[in-house]
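1. Sequence below, structure please.
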Amino acid sequence: MKVILTEKITKLGNIGDAVEVKTGYARNYLLPNCKAMRFTRENVALFEAKKAELTARQEAAKKSAESNVDAVKNAKLYMIRQAGDTGQLYGSVSTRDIARMLKEVANVSVESAQVMLGAPIKTVGVFETQIALHPDVIVPVKIYVAQSQDEIEALVAGKSLTFGTKKVEEVEEAPVAEAAEEKAEEVVAEAAATDAE
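-> Now for the predicted structure:
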């Protein structure tokens, strides 16, 4: 399905780009969220009439995101979770947990989709990930996951924690790119399958 983008979407295009996307992706995500319009003669004319307004709105959103960069960078994302003897969490830390923590700690509202985590965190440690406040404003953050405040303070100080034979000391990079791309492909495939039904 051919659509006209009404806002910049990472890896898809900028405002005003006419792009070909899967029908399910357009019907289930882009069109309901007003991120795109169907490509028709009438919509092209309508888009041209609204282009200045959409561009101004996009610039305002970017400036708003840039004003929150310092708050997000300086946020102390400390997650206290129950874990086993090996440092394996009984649950996990998801994008929703990180978004909620940012709201509490930095007073910055983000959707869980803006947290570029890829896969949930399932072990104790220090993890690096990114928050996409806007497609052009991506902020790196560190997430500290431990069983107690004392363990978090040790991780912040750069000390290592020992669980059985496993030592937690280095910053681990959360699987951002590969897992996020796989997740996006799964969502598009599910949307296409739903659309085919």
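2. Who does residue 140 form a beta bridge with?
-> Per DSSP bridges, the residues bridged to residue 140 are residue 130.
3. Please read the previous query as pertaining to residue 80.
-> According to DSSP bridges, the residues that bridge with residue 80 are residue 146.
4. Can you show me the helices along this structure?
-> Taking DSSP state H, the helices of the chain run over residues 23-25, 41-67, 69-73, 95-106, 149-156, 177-196.
5. Tell me the spacing between residue 100 and residue 112.
-> Residue 100 sits 9 Å away from residue 112, taking C-beta to C-beta, to the nearest Å as the criterion. Any C-beta I mention is one placed from the backbone N, CA and C, and that applies to glycine too.
6. worst average pLDDT in the helices of the chain?
-> Looking at the helices of the chain, the lowest mean pLDDT belongs to helix 177-196 (a mean of 46).
7. Residue 96 touches residue 112, doesn't it?
-> Yes. Using C-beta atoms under 8 Å, residue 96 is in contact with residue 112, at 4.4 Å.
8. Out of the helices of the chain, which is closest to residue 84?
-> Closest to residue 84 of the helices of the chain, according to C-beta to C-beta: helix 149-156, at 13.9 Å.
9. and that closest one, what does it pack onto?
-> On a contact count with 3 or more C-beta pairs under 8 Å, 6 or more residues apart in numbering; DSSP states H and E, helix 149-156 meets strand 77-80, strand 137-146, strand 161-163.
10. Would you mark the buried spots in that helix?
-> Under the neighbour-count criterion of 16 or more other C-beta atoms under 10 Å, helix 149-156 has 151, 152, 154, 155 buried.
11. Now do the closest residue to residue 73 other than its chain neighbours: how many residues are near it, please.
-> Once flanking residues are discounted, residue 73 sits nearest to residue 139: 5.8 Å by C-beta to C-beta, 6 or more residues apart in numbering. Residues near residue 139, counting by other C-beta atoms under 10 Å, number 23.
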